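Next come a sequence and a model predicted from it.
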Amino acid sequence: MIPGPKNLITDIPGLRVGNAQDETLKSGATVLTADKPFTASVHVMGGAPGTRETDMLAPDKSVEMIDALTLAGGSAYGLDACSGVVDGLRAENRGFRVGPAIIPLVPGAILIDLLNGGKKDWVTNPYRALGRAAYDNADTDFDLGTAGAGTGALTAMFKGGLGSASFQLENGVIVGALVATNPHGAVTTPDDRHFWAAHFEMNNEFGGLGPDPATGLGRSLDSRKMWAFKNLATEGRGNTTIAIVATNAALTKSQCQRLSIAAHDGIGRAIVPAHTPFDGDLVFALTTDEVTLENANRDLGEIGHAASLCLSRAIARSVYLATPTPNDILPCWRDGAP
């Protein structure tokens, strides 16, 4: 496995990603779409998810293809970013046809960034406009770090962000991940310097410091300390890591669900603790259905492993590339790491 040319999920031909953000709001939206409808599924492992239209991604549901996936900040308000993406698709006459009607299908997921220091006193929900702007911005190149759905994201001790990574496999399959990292847990070991995902780093993509040499790691993480560090010890805060993994390998809907399950290992390897009752951890998985596999059930194991590694790397990259903005309540890793 080697990273793709861009080391982005858009190394998979036909995929495009768009971001939109409001720096005063300290929030934003990210959309992934494709040149044509695609097969997708989803798996949730966090205790507090926020989603739209994810039920139809179950293998037993009748919907075969969707048009886009949306990640957004804003908690329940952010689900309206999907409506903006629907508007953009409808303007291009894209969607599921029922007689003369056209219905764009856009599942989405949100993270909670309502307590991050941004101005939240809006009168009109801003997320529909952010979703439409993100769709209009969709391209093969896009920003990481403090961008899109990761604009206002926070981890336990540092700012979170938007991350992506890819792998090319020897059989021509490409796998990629896109993530908005806003977990209750930490992406760095207790020294606040080394990334948990360091074992999987490629080409110094998040600093090249290597793994923490200490042993017995993970025992000293204290969620009360995390909250106190953010001055949120009494009320807590919402969390969530929401992600998309993708491949060009031809997979069925049920195989996409298995891919999303395997990819969750990437969250567990890059964030400690992960999948807590406070997180809404969720992974979408999709295929552009371009590369036929000789044995899909056999090859799915390698594809799922590649997706989990891409997701771990994307999580670390999201924090490594975060940049400071006014009124931040947490430092960026680049500014705060010893």
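It's in.

can you pull up the bridge partners for the closest residue in space to Thr51 that isn't next to it in sequence?
Residue nearest to Thr51 in three dimensions, not counting chain neighbours: Ala109, with 5.0 Å by CB to CB, 6 or more residues apart in numbering. In short, each C-beta sits where N, CA and C put it, glycine included. When bridges are called by DSSP bridges, Ala109 pairs up with Thr51, Leu71.

ok, Ala109 to Arg128 distance?
Distance check for Ala109 against Arg128: by CB to CB, to the nearest Å, it reads 16 Å.

what's the answer for Arg317, then?
Arg317 sits at a distance of 29 Å from Arg128 (criterion: CB to CB).

Looking at the two, which is more packed in?
Neighbours were counted for Arg317 and for Arg128 using other CB atoms under 10 Å; Arg317 has more, 28 against 21.

correct me, but the more buried one touches Ala165?
Yes. Using CB atoms under 8 Å, Arg317 makes contact with Ala165 at a distance of 6.2 Å.

Overlap of the contact sets of these two?
Counting by CB atoms under 8 Å, 6 or more residues apart in numbering, the contacts common to Arg317 and Ala165 are Glu205.

in the protein, which spans are helices?
Taking DSSP state H as the test, the helices found in the chain are 81-91, 127-136, 223-229, 253-270, 296-320, 333-336.

so who does Met65 touch?
So Met65 contacts Pro37, Phe38, Thr39, Phe96, Leu105 (CB under 8 Å, 6+ apart).

The protein: strands as residue ranges?
According to DSSP state E, the chain carries its strands in the segments 15-22, 27-44, 51-52, 66-72, 96-98, 101-103, 108-110, 161-168, 174-182, 240-249, 282-291.

nearest to Leu8, of those?
Smallest distance to Leu8 across the strands of the chain (CB to CB): 4.6 Å, for strand 161-168.

For that closest one, give the mean pLDDT please.
Mean pLDDT, strand 161-168: 98.

so where is the chain shaky, pLDDT-wise?
220-237, 337-338 (pLDDT under 70).

any idea which residue sits dead centre in it?
Val179 (2.0 Å; CA atoms, centre = their mean).

So what sits opposite the nearest residue to it once chain neighbours are set aside in the bridge?
In space, and not counting its chain neighbours, Val179 is closest to Ala243: 4.0 Å by CB to CB, 6+ apart. Using DSSP bridges, the bridge partners assigned to Ala243 are Val179, Val283.

what about Ala243, neighbour count?
30.

Just list the residues touching it, thanks.
Applying CB under 8 Å, 6+ apart to Ala243 gives the contacts 71, 177-180, 263, 266-267, 282-284, 311, 314.

Most neighbours out of those residues, which is it?
Of the contacts of Ala243, with other CB under 10 Å as the count, Val179 tops at 37 neighbours.

these two touch, right, it and Thr155?
No. Assessed by CB under 8 Å, Val179 is found out of contact with Thr155, at 11.9 Å.

Could you count how many residues lie near the nearest residue to Ile2 once chain neighbours are set aside?
If you skip the residues right next to it in sequence, Ile2 has Gln168 as its closest partner in space, 5.5 Å away by CB to CB, 6+ apart. By the criterion of other CB under 10 Å, Gln168 has 18 neighbours.

May I have the beta-bridge partners of Gln168?
Beta bridges link Gln168 to Ile2, Ile174 when assigned by DSSP bridges.

i'd like the first residue to be 17 from this point on
From this message on, residue numbering opens at 17, which makes the last subject Gln184.

Surely it is in contact with Lys22?
No. Between Gln184 and Lys22 there is no contact, the gap being 11.2 Å when judged by CB under 8 Å.

send the alpha carbons of stretch 317-335 over as CSV?
Extracted C-alpha coordinates of stretch 317-335, given in CSV (Å, rounded to 0.1, in the frame of the first residue of the first chain):
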residue,chain,number,x,y,z
GLY,A,317,-10.6,-7.9,4.3
GLU,A,318,-7.6,-6.1,2.8
ILE,A,319,-9.8,-3.2,1.7
GLY,A,320,-11.3,-2.8,5.2
HIS,A,321,-7.8,-2.9,6.7
ALA,A,322,-6.7,-0.2,4.3
ALA,A,323,-9.7,1.9,5.1
SER,A,324,-9.0,1.6,8.9
LEU,A,325,-5.4,2.7,8.4
CYS,A,326,-6.5,5.6,6.2
LEU,A,327,-9.0,6.7,8.8
SER,A,328,-6.4,6.7,11.6
ARG,A,329,-4.0,8.7,9.4
ALA,A,330,-6.8,11.1,8.5
ILE,A,331,-7.6,11.7,12.1
ALA,A,332,-4.1,12.6,13.0
ARG,A,333,-3.7,14.8,9.9
SER,A,334,-6.9,16.7,10.9
VAL,A,335,-5.4,17.8,14.2
